[in-house]
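Q: what's the 3D shape of this:
(chains A, B, C and D)
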There are 2 protein chains.
Amino acid sequence: MTLSEEDYIKAIYHLGKGENTTVSTNALAEQMHTKPSSVTDMIKKLSEKGVANYKPYKGVSLSEYGEKIALSLVRKHRLWEVFLVDKLDFSWDEVHEVAEQLEHIKSEKLVDQLDKHLGYPDVDPHGDPIPSKKGEFKKAIKKLLIEVPIGTSGVCVGVKDSSAPFLKFLDKNKIALGDTIAVVDKEEFDGSLYIQIKQKEIHISNQIASNLYLKITA
Amino acid sequence: MTLSEEDYIKAIYHLGKGENTTVSTNALAEQMHTKPSSVTDMIKKLSEKGVANYKPYKGVSLSEYGEKIALSLVRKHRLWEVFLVDKLDFSWDEVHEVAEQLEHIKSEKLVDQLDKHLGYPDVDPHGDPIPSKKGEFKKAIKKLLIEVPIGTSGVCVGVKDSSAPFLKFLDKNKIALGDTIAVVDKEEFDGSLYIQIKQKEIHISNQIASNLYLKITA
DNA sequence: ACAAATATTTAGTTTTGTCTAAAAATTAAT
DNA sequence: ATTAATTTTTAGACAAAACTAAATATTTGT
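A: Modelled structure (predicted):
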């Protein structure tokens, strides 16, 4: 697979959300920052190669083989993201562009050893699950912290209320996007939560927990 | 710079040994596993871009700018080699192909952080020096172990005598290509050497030391 | 110095991935 | 249901990087 082919495969995968959903030529063109006519050419080629199923005017979807390739790319992308954050001190919002390049490096041993070096992580710095070597993996869902059951853990990926006071509160309590949070217990009385974050356990109000999004892999 | 341009720059650099030596079209074609006519096209382009100095029929050399690019590529290549060996348990003879891909990844922060992560190494697993960020670096020379002065350290890169008995001896004494060896002392009487290898000090005969090549950065 | 051998360049194609403009198919609207 | 709007495809071109074959330069040998 060439660089460009791999990029198309990933785009089809992401737009189709993994299933054999069919993706439109225009959507793909927008995602790839290219023109629909270029997309038509490429999906014809991918189809001939057995990577995609393409019916003129009816959109394109990945074949089983194509999905395997997509999952391998996603695996590599996310492993490299973990590497960049855990080993090279990148912040979670700096990694994407570099991982986008690194995911195309071809070496099975490299990926296997990288996985081992990182301690076989199962989610990337954005809380998205890392497919196994065989391509198995869980789906991630985004939920408000308040909505998840006790025992759940996930990555903090966003805020509902982005007002200055709330952000200031988070900062003061050292809660940042990208942090892994586990719900330890709930207080029946006021709906407040005991959460584990960066090895420490803290107590946050129901209101706080209602404004933090967690990405969890179900 | 495109992938291909970067590969040509590296090839010109390596054939020209860094100086502003002029490299012939044919030599470059052989190195790049391509045809002379393709080389002519490319060196014209590199010349127009200010990367190389090209006079028809007179060969090509790197401009100062081109040499800077070459050194940056060599730096990245060698840092990745260290990474593969030190962190991912690759053996010294497996790293080249993968490093050849990794050296093209574009991210200044990535290289800086990788350097730091590896503890600012100054040679790669083959004993070749790693250029600094500014492009400064020492030359490596290959010498017989017996020829280097006391105190010198380098990487074991080859044998002069490749007979089975000698190789068996090396194996028994856990001396392998890629090992770092330091000359601790010499015995005046018989010219034998005390060397440090893998944290241990061992004593080897003059004859052994006369058949081991060391790469040292002078 | 001149012919032969070698090295290099030019000219014309090919492939990959892109583009624009025009044509055709599909979908939406009255 | 027929026209209008949108989407998609086709046709023809282009740039990058390679190739083959032919034409020039240069170097070598006598």
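
Q: quick one: contacts for the most centrally placed residue in chain A?
A: Centroid-nearest residue in chain A, with C-alpha atoms, centre = their mean: A:Asp128, separated by 3.4 Å. A:Asp128 is in contact with A:Arg78, A:Ala140, A:Lys215, counting by C-beta atoms under 8 Å, 6 or more residues apart in numbering or on different chains. Yep, even glycine has a C-beta here, placed from its N, CA and C like the rest.

Q: run a quick neighbour tally on the second one.
A: Counted with other C-beta atoms under 10 Å in any protein chain shown, the burial measure for A:Ala140 works out to 18 neighbours.

Q: mind checking the SS state of the spatially most distant residue from the centre of chain A?
A: Relative to the centre of chain A, and counting by C-alpha atoms, centre = their mean, the farthest-placed residue is A:Phe189 at 35.4 Å. Classification of A:Phe189 using DSSP: H, G, I helix; E, B strand; the rest coil returns coil.

Q: nearest to B:Lys87, out of the contacts of A:Asp128: which one, please.
A: Ranked by distance to B:Lys87 (C-beta to C-beta), these are led by A:Arg78 at 18.4 Å.

Q: need the per-residue pLDDT for that closest one.
A: Per-residue confidence at A:Arg78 stands at 98 (pLDDT).

Q: the helix or strand where it lies: which residues count as buried?
A: Here A:Arg78 is covered by helix A:64-86, with elements defined by DSSP states H and E. For helix A:64-86, a neighbour-count test (16 or more other C-beta atoms under 10 Å in any protein chain shown) marks A:66-85 as buried.

Q: run me through the strand neighbours of the helix or strand where A:Tyr194 lies, direction for each.
A: Using DSSP H and E, A:Tyr194 sits within strand A:193-197. Strand A:193-197 sits in its sheet next to strand A:180-186 (antiparallel), strand A:200-204 (antiparallel), going by DSSP bridges.

Q: of the ones you listed, flag the one that's most buried.
A: strand A:180-186 (a mean of 18; mean count of other C-beta atoms under 10 Å in any protein chain shown).

Q: how far does that one sit from its chain's centre?
A: 21 Å (C-alpha atoms, centre = their mean, to the nearest Å).

Q: one more: stretch A:96-108?
A: Centre-to-centre, stretch A:96-108 and its host chain are 15 Å apart (C-alpha atoms, centre = their mean).

Q: list the buried residues for that stretch?
A: A:Val98, A:Ala99, A:Gln101, A:Leu102, A:Glu103, A:His104, A:Ile105, A:Ser107.

Q: so is the helix holding A:Arg78 next to DNA strand C?
A: No. Shown here: helix A:64-86 not in contact with DNA strand C (C-beta under 7 Å from any atom of the strand), separated by at least 13.9 Å.

Q: for that helix, what is the distance to the chain centroid?
A: From the chain centre to the centre of helix A:64-86 is a distance of 10 Å (C-alpha atoms, centre = their mean).

Q: counting by contacts, list what whichever helix or strand comes after it packs against.
A: Going down the chain from helix A:64-86, the next helix or strand is helix A:95-102, by DSSP H and E. Counting contacts by 3 or more C-beta pairs under 8 Å, 6 or more residues apart in numbering or on different chains; DSSP states H and E, helix A:95-102 is packed against helix A:64-86.

Q: now the angle between helix A:95-102 and the helix it packs on, please.
A: Inter-element angle recorded for helix A:64-86 and helix A:95-102: 130 degrees (by axes from the mean of the first three to the mean of the last three C-alpha atoms, to 10 degrees).

Q: appreciated, that's everything.
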